[in-house]
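Engineer: how would this look folded up:
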Amino acid sequence: MAVHVQSTPQVAHTPNPPGHASSQQSEHREAPLQRTNCGSHVDPKMVDWLNSTSKDTPLSEMRALYARNGYLWVKNVIPRSDVLDMREKYFSTIAPTGLLAPGTSPCDGIFNAELDPNLHQGLGATPSVSAMGTLDEIHASKEYRDFITHPELCHWVRQLMGWEKEVVLERGLLRHNVPGSKCPSGIHYDQLFLRAGDPVFVTVWVPVGNCAADCGGLMYLEKSCELAERIEKRFEERQNKEGMPMEERISAFNHHMGEFGHLSHNTETWAKEDGLGKRWLVADYEAGDVVFHSPWMIHSSSRNCDDTGKIRLSSDLRFYEDGAKLDERWTKTFYNGDRL
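Structural biologist: Numbers count the residues shown, from 1 in each chain. Next comes the predicted model:
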């Protein structure tokens with residue numbers, strides 16, 4: 001069943017209308033250096049700011065922005081206190097692994113600098129063995145199950161997409177990104193991981209706590225949805241030529257894919273070459289913010305370079321319209337070893 005954003009006007013849009021969008025671009029602030037997994041920094045000319053949208057922006061305008069840009073970053077969607085409660089729950093649960101600096105608050109989420117950051121990565125990379133059972137516990141907890149169905153979040157999904165009823169996939173994910181570690185999110189578009197369903201869902205990315213642009217949050221490749229669709233079509237053509245079995249076709253980890261199912265981990269060279277010179281868009285996210293993005297929006301995260309040791313925590317959720325063909329593999333709660 002095809003799902004479309006309803007009543008999406010295809011009209012010209014004036015960037016940053018007063019009172020509706022972030023002032024980040026209008027101030028022409030220089031974006032902070034984004035460090036890659038390869039040890040270098042992304043060329044500053046290849047980095048710009050993501051535009052935010054306030055909650056009082058007309059819905060028709062929000063839908064037009066989402067359709068045009070592939071994302072919509074809305075400020076203050078979820079009460080800040082609810083987000084910080086989730087952050088505290090996560091780090092309180094994982095604290096016995098030694099992840100946090102001694103004497104610090106779980107809500108602050110400060111990394112223990114005595115540890116090797118590459119041995120304490122979050123989901124999307126390689127979590128420490130000691131954390132695996134804890135991560136399973138957190139994802140199955142009532143607090144997280146309530147969080148992914150937060151009334152404000154679900155309301156916004158229905159409003160933006162024009163759906164009467166939404167379905168959230170049970171396999172929501174919480175990811176932490178410690179300073180200095182290999183970043184947990186390589187370059188990808190979400191349909192890579194949900195190929196058994198139609199590309200008609202919306203991803204909701206939630207920063208669980210404040211996350212400055214140098215703290216390892218998501219960065220988006222500007223206007224990249226059409227590019228992602230072309231890339232996926234090339235994958236399909238190669239799979240057809242090889243006669244690849246369906247079980248392998250729907251896997252993000254088949255032999256066509258890179259490490260952890262990603263297109264690449266080098267955000268600088270990939271954007272200049274395969275990314276056709278498009279820029280990475282970064283942001284200073286705050287607790288309560290939400291980014292809605294298309295299944296085809298190409299994105300990644302840079303390394304966390306926060307000089308105070310703050311661990312980035314975020315959650316990514318997927319919503320379909322009720323009745324759409326969804327990826328049934330994602331209808332079960334995450335557990336380590338589910339191979340998705």
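
Engineer: mind showing which ranges of this structure have poor pLDDT?
Structural biologist: Low-confidence segments of the chain (pLDDT under 70): 1-27, 37-39, 124-130, 183-184.

Engineer: can you give me the helices in it?
Structural biologist: For the chain, the helices defined by DSSP state H occupy 59-69, 80-94, 129-140, 142-148, 151-161, 225-242, 246-249, 267-272.

Engineer: helices or strands up against the fifth one?
Structural biologist: Right, the one you point to is helix 151-161. helix 59-69, strand 166-168, strand 202-207, strand 290-293, strand 312-321 (3 or more CB pairs under 8 Å, 6 or more residues apart in numbering; DSSP states H and E). Where you see a C-beta, it was placed from the backbone N, CA and C, and this is true even at glycine.

Engineer: returning to that earlier point: for the helices of the chain, which one sits closest to residue 217?
Structural biologist: Closest to residue 217 of the helices of the chain, according to CB to CB: helix 267-272, at 13.1 Å.

Engineer: got a list of contacts for that closest one?
Structural biologist: 34, 36-38, 40-43, 46, 187, 219, 221, 263-264, 277-280, 300, 302 (CB atoms under 8 Å, 6 or more residues apart in numbering).

Engineer: and it, which residues are buried?
Structural biologist: By neighbour count on 16 or more other CB atoms under 10 Å, the buried set for helix 267-272 is 267, 268, 270, 271, 272.

Engineer: Identify the residue nearest the geometric centre of this protein.
Structural biologist: The centroid of the chain falls nearest to residue 205 when counting by CA atoms, centre = their mean (4.7 Å).

Engineer: bridging residues for that one?
Structural biologist: residue 291, residue 316 (DSSP bridges).

Engineer: Does it touch residue 313 like I think?
Structural biologist: No. Residue 205 lies out of contact with residue 313 (CB atoms under 8 Å); the separation is 11.9 Å.

Engineer: okay, the helices and strands packed on helix 151-161 in a markdown table with distance to residue 153 next?
Structural biologist: Output for these, formatted as a markdown table (distance: least, CB to CB, whole Å):
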| stretch | distance to residue 153 |
| --- | --- |
| helix 59-69 | 15 |
| strand 166-168 | 9 |
| strand 202-207 | 6 |
| strand 290-293 | 7 |
| strand 312-321 | 8 |
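
Engineer: Compare those and give me the one nearest residue 149.
Structural biologist: strand 166-168 (6.0 Å).

Engineer: Neighbouring strands of the closest one in the sheet, and parallel or not?
Structural biologist: Under the rule (DSSP bridges), strand 166-168 has strand 312-321 (antiparallel) as partners.

Engineer: if we can go back for a sec, quick one: closest of the helices of the chain to residue 173.
Structural biologist: Per CB to CB, nearest to residue 173 of these: helix 129-140, 7.5 Å.

Engineer: Many thanks, I have nothing further to ask.
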